[in-house]
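>>> can't give you the sequence, but here's the structure:
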């Protein structure tokens with residue numbers, strides 16, 4: 001399977017931390033967030049990852065040049081931000097021939113069990129499976145209602161009056177048949193512009209794994225503490241332990 005790792009954000013709320021580093025390269029413990037993502041994707045069999053760049057792209061290029069092992073990295077620079085849906089649409093050739101593919105927001109620190117997410121996706125015929133989590137800040141997230149089978153009944157991006165506590169985790173498995181739904185507008189966003197077109201053809205999978213958006217100083221500190229507390233315990237789910245025998249390295 002291939003994956004888009006959306007990493008082009010400006011990180012303005014994290015300044016001055018992001019004055020010299022893009023948000024995706026901020027350290028979590030001793031590792032860049034991007035390295036944690038790539039190790040997680042590699043553990044679950046992802047062999048190719050496309051990373052979009054915009055802000056301080058040379059730092060991401062330097063990181064990619066020092067990455068060895070799988071997954072193989074592909075960089076796509078955006079002189080003007082295309083938005084999350086726009087990035088997928090621009091780089092459709094990257095997933096040519098794939099039946100399904102992953103789309104992940106690199107803003108999140110997570111140890112989500114991607115294997116379970118992918119297996120759930122294979123149980124239905126919908127266009128999208130989105131990861132879900134319980135949120136205590138529902139007005140800041142895309143909020144979802146699902147039925148007993150996981151089919152998405154309603155989706156609202158950052159609603160003023162949320163209808164549920166289930167939030168979009170920003171990690172998706174999408175089928176190639178979604179291409180005709182790609183929004184025509186530029187830039188275009190998955191949450192605002194793509195998902196509302198797919199109601200009736202989306203399922204949600206609820207995860208209780210770690211998932212923290214590091215987009216502001218408070219959540220970045222929360223992510224650091226959560227990662228620190230997991231020292232001495234498996235970073236990734238038990239289903240990925242065997243894959244961890246293959247190590248990935250980043251030159252320092």
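Perfect, thanks for sending it. What you are looking at is a predicted structure, and each value in this text was computed from that prediction instead of being measured.
>>> Residue 33: what's it in contact with?
For residue 33, the contact set (C-beta atoms under 8 Å, 6 or more residues apart in numbering) comprises 23-27, 106, 109, 214. Any C-beta I mention is one placed from the backbone N, CA and C, and that applies to glycine too.
>>> Residue 143 now?
Contacts of residue 143 (C-beta under 8 Å, 6+ apart): 135, 155-156, 159, 162-168.
>>> In which helix or strand does it reside?
Per DSSP states H and E, residue 143 falls inside strand 142-146.
>>> Touching the helix or strand hosting residue 129 from outside, list them.
Here residue 129, judged by DSSP H and E, is contained in strand 128-134. Contact with strand 128-134 is made by 112, 117, 120-121, 144, 146, 152, 165-175, 178, 195, 198, 201-208, 211, as judged by C-beta under 8 Å, 6+ apart.
>>> so how far is that strand off the chain centroid?
11 Å (C-alpha atoms, centre = their mean, to the nearest Å).
>>> quick one, it and strand 142-146 angle?
Counting by axes from the mean of the first three to the mean of the last three C-alpha atoms, to 10 degrees, strand 128-134 lies at 100 degrees to strand 142-146.
>>> list the buried ones in strand 128-134?
Within strand 128-134, the residues that qualify as buried are 128-133, counting by 16 or more other C-beta atoms under 10 Å.
>>> Closest to residue 43 out of the contacts of residue 33?
residue 109 (15.5 Å; C-beta to C-beta).
>>> pLDDT wise, what is residue 12 at?
Confidence at residue 12, expressed as pLDDT, is 89.
>>> Excluding residues flanking it in the chain, which one is nearest it?
Spatial nearest neighbour of residue 12, excluding adjacent residues (C-beta to C-beta, 6 or more residues apart in numbering): residue 18 at 7.4 Å.
>>> ok but that neighbour is inside a strand, no?
No: counting by DSSP: H, G, I helix; E, B strand; the rest coil, residue 18 is not found in a strand; it is coil.
>>> Hmm, residue 10 and it touching each other?
Yes: the criterion here is C-beta atoms under 8 Å, and residue 18 meets it with residue 10 at 7.5 Å.
>>> Find the residues that touch each one of those two.
The contact lists of residue 18 and residue 10 share residue 55, where a contact means C-beta under 8 Å, 6+ apart.
>>> what about those two, which has more around it?
For residue 18 and residue 10, the more surrounded residue by other C-beta atoms under 10 Å is residue 18, and the numbers stand at 19 against 14.
>>> State the distance from the more buried one to residue 30.
If you measure residue 18 against residue 30 using C-beta to C-beta, to the nearest Å, the figure is 19 Å.
>>> I'd like to know how many residues surround residue 154.
For residue 154, the number of neighbouring residues by other C-beta under 10 Å comes to 13.
>>> That one belongs to a helix, doesn't it?
No: assessed with three-state DSSP, residue 154 is strand; it does not lie in a helix.
>>> Tell me if I'm right that it and residue 145 touch.
Yes: proximity of residue 154 to residue 145 meets the contact threshold set by C-beta under 8 Å, at 4.4 Å.
>>> now the strands for the stretch 1-150 of the chain?
Applying DSSP state E, counting those that start in this stretch to the stretch 1-150 of the chain gives strands spanning 2-6, 27-28, 31-32, 48-53, 67-68, 72-77, 100-105, 108-110, 128-134, 142-146.
>>> need the ones you listed in a markdown table with mean pLDDT and distance to residue 221, can you?
Output for these, formatted as a markdown table (pLDDT from 0 to 100; distance: least, C-beta to C-beta, whole Å):
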| stretch | mean pLDDT | distance to residue 221 |
| --- | --- | --- |
| strand 2-6 | 98 | 23 |
| strand 27-28 | 92 | 11 |
| strand 31-32 | 92 | 17 |
| strand 48-53 | 97 | 25 |
| strand 67-68 | 90 | 27 |
| strand 72-77 | 97 | 29 |
| strand 100-105 | 97 | 19 |
| strand 108-110 | 93 | 12 |
| strand 128-134 | 94 | 19 |
| strand 142-146 | 89 | 24 |
